[in-house]
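Participant: pasting the sequence and the predicted model now:
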Amino acid sequence: MLQVSIYRYNPDTDSEPYMQDLEVDTGGKDLMVLDVLELIKAQDSSVAYRRSCREGVCGSDGVNMNGKNGLACISPLSTTVKNNKLIVRPLPGLPVVRDLVVDMTLFYAQYEKIQPYLQNDTPAPAIERLQTPAEREKLDGLYECILCACCSTSCPSFWWNPDRFIGPAGLLQAYRFLADSRDTATEDRLANLDDPFSVFRCHGIQNCVAVCPKGLNPTRAIGHIRNMLLQRAT
Amino acid sequence: MVTAVTNFGRSGLYDWLVQRVSGVVLLAYFIFIGAVVVANPDMSYQEWRTTFEPTWVRVFSVAALLSLAAHAWIGLWCTLTDYVTPRMMGAKANLLRGVLTCVCAVALFTYVVWGISIIWGS
């Protein structure tokens, strides 16, 4: 039997959050953490969490498992559980709506700030804006982000200043558009990032890199943005 | 754009660059001082004073002192704006951070003036 400790908080009935201890019969299988949450929900239907695709594509079920953020649906017990104990908490740093469900308003507000869409003020061609294979390759490692928020909510700078620091997820996407050969708003994008908080609150501790379930590297993207800001200013 | 009136250069990029350049100056200075100490294990106070007599050592020392002050100011400003904020501590945080920022400024200014006086004094 797997020992599970799960964060519970229902603002309608609980005065404060608490950890609920449960035992879950995994049948000796190397289940994913999401499967365990489903088994718990079968026992107690009041447990709340987000989930959708259950295969690491939608980014809904980002949670903190044994101290590390990740997607419950692609985190096997064999690599997550220590000493037969699984501790599941909501993503840190964001307000809890209920149990494992967090309010991601601040996260999305930062994403919105970087204007995550292609901007091009030249006349549209008849069919499409073309890129060379080399230009397209620059977007690899950037476009794959699924906005699960595992990275930003593992970043202390985002915990302390979620309203002013864009955070690793937003900055990865900021660079995705700065690096896009079809985008012509580079100057405006850089001008919007050139302040003491938006980019420069990153101190390079790389928690974001350690937790990204898609294996992306926001710290490297932030370094590229810094270099672009430096070149723009010199 | 997010503004911050108390930060060093009013620009994240400027602060970041100052932090890196001052870090390199400090590294070079500590390597120099470390080498002096390691090369002269039985150094007397008079020999230690003599080390600082050449003008270039005094210039280097003042550069290191100014680098330390700038580096510390940027670091402390970051720390204070991380932890002493209304988000973390409630409404009184801005006043408290203002007071702490002033304490840091006065302390760093004092250390710089005092340090220059020691380095260039007789």
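Facilitator: It's in.
Participant: now do the contacts for the nearest residue to residue B:85 once chain neighbours are set aside.
Facilitator: Distances taken as CB to CB, 6 or more residues apart in numbering or on different chains place residue B:93 nearest to residue B:85, at 5.3 Å, with adjacent residues excluded. The way it works is simple: take the backbone N, C-alpha and C, and place the C-beta from them, glycine included. By CB atoms under 8 Å, 6 or more residues apart in numbering or on different chains, the residues touching residue B:93 are B:84, B:85, B:86, B:87.
Participant: over to residue B:67?
Facilitator: Each residue near residue B:67 by CB under 8 Å, 6+ apart is listed here: B:21, B:22, B:23, B:25, B:26, B:29.
Participant: for it, give its distance to residue B:23.
Facilitator: Remark: distance between residue B:67 and residue B:23 (CB to CB, to the nearest Å) = 8 Å.
Participant: ignoring the adjacent residues along the chain, who's closest to the residue nearest the centre of chain A?
Facilitator: Nearest residue to the geometric centre of chain A (CA atoms, centre = their mean): residue A:149, 2.0 Å. Closest residue to residue A:149 apart from its sequence neighbours, by CB to CB, 6+ apart: residue A:107 at 5.0 Å.
Participant: the residue of chain B found nearest chain A: neighbour count?
Facilitator: Relative to chain A, the nearest point of chain B is residue B:12 (3.2 Å; CB to the nearest CB). Neighbourhood size, residue B:12 [other CB atoms under 10 Å in any protein chain shown]: 23.
Participant: can you name the residue of chain A nearest chain B?
Facilitator: Residue nearest to chain B within chain A (CB to the nearest CB): residue A:200, separated by 3.2 Å.
Participant: using CSV, list the CA coordinates for stretch B:53-62.
Facilitator: Below are the C-alpha coordinates for stretch B:53-62, written out as CSV (Å, rounded to 0.1, in the frame of the first residue of the first chain):
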residue,chain,number,x,y,z
GLU,B,53,51.9,52.6,-1.1
PRO,B,54,52.2,52.4,-4.9
THR,B,55,49.6,54.6,-6.6
TRP,B,56,48.3,51.7,-8.7
VAL,B,57,47.5,49.6,-5.7
ARG,B,58,45.6,52.5,-4.1
VAL,B,59,43.7,53.1,-7.4
PHE,B,60,43.0,49.4,-7.6
SER,B,61,41.8,49.3,-4.0
VAL,B,62,39.5,52.3,-4.5
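Participant: ok, and for it, which residues are buried?
Facilitator: Judged by neighbour count (16 or more other CB atoms under 10 Å in any protein chain shown), stretch B:53-62 contains these buried residues: B:57, B:60, B:61.
Participant: just the residues you listed now: which is nearest residue A:212?
Facilitator: Distance to residue A:212, by CB to CB, is smallest for residue B:60 among the buried residues of stretch B:53-62, at 43.2 Å.
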